[in-house]
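Q: the following comprises the amino acid sequence and a computationally predicted model.
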Amino acid sequence: MNGTFIVFDDLVRCVIEGEATDEEFQDLVALMRDDPGLQTRYSEQMYIHALLTCHKGQEWPEEDGPTCAPDVTKRGRQRPGAWKARAGVWRKMAAALLGLSLVGVWPLLRMGTPSKADWVTVRSSRHARWADGREVPVGTVLKPGGIWSWRSGLVELVTGSGTVLLVEAPARLEIEDALHARLFAGKLVARMPKGGSGFVIDTPSMRVRDLGTEFGVSVSSAGETQVQVFDGKVCAETAVQTQGKELLAGEAIRSTASGGMVAAVYDEQSFIRRFPPVMNAPRPSGVLYSQSAVEAVRVAYAAKAVKADGVLEEWDTRFAFRGGCQPPYAETYFLEGMMMYDTENLYLAARVGDPDPLCNRAPKGLEFAGGSVIVRISTDAAQGWPLKGTLVENGVDSYLAKPLSEEAKSVLITGIVMWYDAQADRARIKLGRGLDYHDPVADPPGWQGAFRKTAEGRGYTLEYVISWRLLNSSDRPPKAGDTLAALWMVHWSDAEGRAARGQLVEVTNHQPHPGQEIPPYVYFQNGPSWGKALYLSKEESDPVFHLYKSK
């Protein structure tokens, strides 16, 4: 960020907090008069601030602007009535800008008077939670201009044009108006009413225009867009490939790193197309985020062969760590994790409390959402701990807007997704590299894995053997005395194994990160948030050694 932006953002903050003097107010107006781009920046910051600081469950007054919208990042809240105090300041600002171009002023004037035809309503919600963990109530109204983030569940939205949007979390979506949305992350299926057309979805790499159809759009963690047409046709284009390409039912396309488009494999199971008609019986679970209890996991040296059968007889539970959801749910939703290593392999084991175990039928690309354990590790000895790379800035993904650092792209950072595929009736694995999880590959050779349901049927165990070759570390695997980075995550799903209903983040850095407001659900994209993996020697891993030491 350059010096002008720093000064500008500081002045905007003063206006938001009601602390701006007349001189600071005039300075802010002068900056926007000289740079039309700052006019848009001002309107965006004011609008986002409006969405982040209001009270749940209230409507927007027609005159004063929004008083309520679900929180999309980790922020505080305004006192009741603060909006009326702010409204006069913003109108004063708009009046001061009347001498500027209409293009620059329009976002400011439009901000407080959204057309009701552009409103979007939550028609159905299943285990859906906003990014801050609050539930998503049916009937919630999403006003245009807002960026909405969901961390789990399934949400069915209806626009003023009658278009139905079925959003699979985790996802982030901006509603522009009744016929225009921007998908920044996640998956959605758009279905126009009979005879309707013209709905547009923008992504970081593609624009998709509906020509009377039902279609799905996904944006991966690496920013790749994929489009699939179920019925009718769409027109897709990119900044490079501006000549629109029409897709018919049964066809799919994806974006490329160079900005073009190539054909993709059509997969009927890649998206959830209809909101499930039968709801699960409610299960008490509370907020499925808890403060991390563990900062470091001890990685014991494997003294004998490990068989991936889910029995866990070879494991020394003294090296296990435990994390659970907020009381009183910690006894139902919990994780007990263990790690071992030798010169050939990494070994992972876990016991997971889960009332709906081993039912994962999640669509392709969201396999983790149907119930999974994810272990993220770094074998990058040069980075050590803590990791230096990040993809987030004050709780918001930023990697799509700027080049990634070498630390963030390191192929010695691996995300290991482990799940039980209920349809294929077998254990699965998926690996991605770097903090951006690029080049993901499913079920490569060089691993063994098993899941086993617990005797009472309210949880499961897992056991995996993964070669260092798969982790790009066969030439330099971790050794005794290494302190490297690691992070564990558990996802729980609904009874159908389709939609995520919550997650637990464990093994994290408990020291605060100055100047950052990063919620747990994006810790995996922020290297400094990861906890420690302490690789023990053979002697330290030996039970006899610990028995002798205790005496």
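A: Great, that's in hand.
Q: for the rest of this, base every contact and every neighbour count on C-alpha atoms.
A: OK.
Q: domain parsing of the protein, as residue ranges.
A: The chain resolves into domains spanning 1-113, 116-279, 296-541 when parsed by automatic domain parsing.
Q: for these, give me TSV that also has mean neighbour count, mean pLDDT and distance to residue 290.
A: Converted to TSV, the domains of the chain look like this (neighbours: other CA atoms under 10 Å; pLDDT from 0 to 100; distance: least, CA to CA, whole Å):
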stretch	mean neighbour count	mean pLDDT	distance to residue 290
domain 1-113	16	50	15
domain 116-279	20	86	10
domain 296-541	20	91	5
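Q: which stretches of the stretch 101-250 of the chain form helices?
A: For the stretch 101-250 of the chain, the helices defined by DSSP state H, counting those that start in this stretch cover 102-111.
Q: apart from its chain neighbours, what residue comes closest to residue 346?
A: On the basis of CA to CA, 6 or more residues apart in numbering, the spatially nearest residue to residue 346 that is not a chain neighbour turns out to be residue 466, at 5.2 Å.
Q: ok, then the element right after the helix or strand that neighbour falls within?
A: Element membership of residue 466 [criterion: DSSP states H and E] is strand 459-467. If you walk from strand 459-467 toward the C-terminus, the next helix or strand you reach (DSSP H and E) is strand 483-493.
Q: residues making contact with that next one?
A: Contacts with strand 483-493, where a contact means CA atoms under 8 Å, 6 or more residues apart in numbering, come from 335, 354, 356, 360, 368-381, 384-387, 499-508, 524, 530-535.
Q: quick one on the thing from earlier: so how far is the strand holding residue 466 from its chain's centroid?
A: 24 Å (CA atoms, centre = their mean, to the nearest Å).
Q: go on, stretch 327-334?
A: Taking CA atoms, centre = their mean, the mean C-alpha location of stretch 327-334 is offset from the chain mean by 23 Å.
Q: quick one: strands adjacent to the strand holding residue 466?
A: Using DSSP bridges, strand 459-467 pairs in its sheet with strand 345-353 (antiparallel), strand 447-453 (antiparallel).
Q: what angle do strand 483-493 and the first one make with each other?
A: To tie it back to what came earlier, the one meant is strand 345-353. With axes from the mean of the first three to the mean of the last three CA atoms, to 10 degrees as the criterion, the two stretches strand 345-353 and strand 483-493 enclose an angle of 40 degrees.
Q: export the following helix or strand past strand 345-353 to CSV, keeping only CA atoms.
A: Going down the chain from strand 345-353, the next helix or strand is strand 372-378, by DSSP H and E. These are the backbone C-alpha positions of strand 372-378, laid out as CSV (Å, rounded to 0.1, in the frame of the first residue of the first chain):
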residue,chain,number,x,y,z
SER,A,372,-12.7,-35.1,7.0
VAL,A,373,-9.4,-34.5,8.9
ILE,A,374,-6.9,-32.2,7.3
VAL,A,375,-3.3,-32.1,8.4
ARG,A,376,-1.1,-29.3,7.0
ILE,A,377,2.6,-29.6,7.5
SER,A,378,5.8,-27.9,6.4
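Q: quick one: strands adjacent to the helix or strand following strand 372-378?
A: Next in sequence after strand 372-378, counting helices and strands by DSSP H and E, comes strand 392-393. Strands flanking strand 392-393 in the sheet, each with its direction: strand 396-397 (antiparallel) (DSSP bridges).
Q: residue 336 and residue 301: what is the separation?
A: Counting by CA to CA, to the nearest Å, the gap between residue 336 and residue 301 amounts to 18 Å.
Q: just residue 120 next, same as before
A: From residue 120 over to residue 301 the distance is 55 Å, taken as CA to CA.
Q: with residue 505 instead?
A: As judged by CA to CA, residue 505 and residue 301 stand 25 Å apart.
Q: I'd like the strands paired with strand 459-467 as TSV, with distance to residue 24 appended.
A: Compiled in TSV, the strands paired with strand 459-467 are given as follows (distance: least, CA to CA, whole Å):
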stretch	distance to residue 24
strand 345-353	55
strand 447-453	62
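Q: and of these, who's closest to residue 219?
A: Taking CA to CA, strand 447-453 is the member of the strands paired with strand 459-467 nearest to residue 219, at 28.1 Å.
Q: what lies in contact with that closest one?
A: Contacts with strand 447-453, where a contact means CA under 8 Å, 6+ apart, come from 308-311, 357-358, 420, 426-428, 459-467.
Q: before we move on, what about stretch 197-210?
A: Outside of stretch 197-210, the residues that reach it under the criterion CA under 8 Å, 6+ apart are 163, 179-184, 192, 211-213, 219, 223-225, 233-239, 255, 259, 400.
Q: tell me how far it is from the chain's mean position?
A: Stretch 197-210 has its average C-alpha position 21 Å from the chain's average C-alpha position, going by CA atoms, centre = their mean.
Q: span of it from start to end?
A: End-to-end for stretch 197-210, by CA to CA: 6 Å.
Q: quick one, helices of the stretch 401-550 of the chain?
A: If DSSP H, counting those that start in this stretch is used as the criterion, the helices of the stretch 401-550 of the chain fall at 406-409, 538-541, 543-550.
Q: just give the closest residue to residue 179, not the sequence neighbours.
A: residue 199 (4.5 Å).
Q: quick check on that neighbour: phi, psi?
A: Backbone geometry at residue 199, expressed as degrees, to the nearest 10, gives phi -70, psi 140.
Q: quick thing: my sequence starts at 18, can you match it?
A: In the new numbering, first residue 18, that becomes residue 216.
Q: distance of it from residue 376?
A: If you measure residue 216 against residue 376 using CA to CA, the figure is 35 Å.
Q: same check, this time on residue 336
A: Relative to residue 376, residue 336 is positioned 29 Å away (CA to CA).
Q: just residue 177 next, same as before
A: Using CA to CA, we find residue 177 at a distance of 36 Å from residue 376.
Q: next: residue 189.
A: 26 Å.
Q: same check on residue 369?
A: Taking CA to CA as the measure, residue 369 and residue 376 are separated by 14 Å.
Q: go on, residue 425?
A: Computed with CA to CA, the distance linking residue 425 and residue 376 is 33 Å.
Q: and what of residue 184?
A: In this structure, residue 184 lies at 21 Å from residue 376, with CA to CA as the measure.
Q: can you check residue 142 too?
A: According to CA to CA, residue 142 stands 20 Å off from residue 376.
Q: same question for residue 334.
A: According to CA to CA, residue 334 and residue 376 sit 27 Å apart.
Q: now residue 526
A: Between residue 526 and residue 376 the distance is 32 Å, computed by CA to CA.
Q: now swap in residue 428 and tell me
A: Distance, residue 428 to residue 376, using CA to CA: 31 Å.
Q: next one: residue 481
A: Using CA to CA, we find residue 481 at a distance of 19 Å from residue 376.
Q: so residue 310 lies in a strand, does it not?
A: No. According to DSSP: H, G, I helix; E, B strand; the rest coil, the state of residue 310 is coil, so it is not within a strand.
Q: how close does the nearest residue to it once chain neighbours are set aside sit to residue 524?
A: Spatially, and ignoring its direct neighbours in sequence, residue 310 is nearest to residue 340 (6.1 Å; CA to CA, 6+ apart). Shown here: residue 340 relative to residue 524, a distance of 9 Å by CA to CA.
Q: for residue 265, same thing?
A: With the distance defined as CA to CA, residue 265 ends up 46 Å from residue 524.
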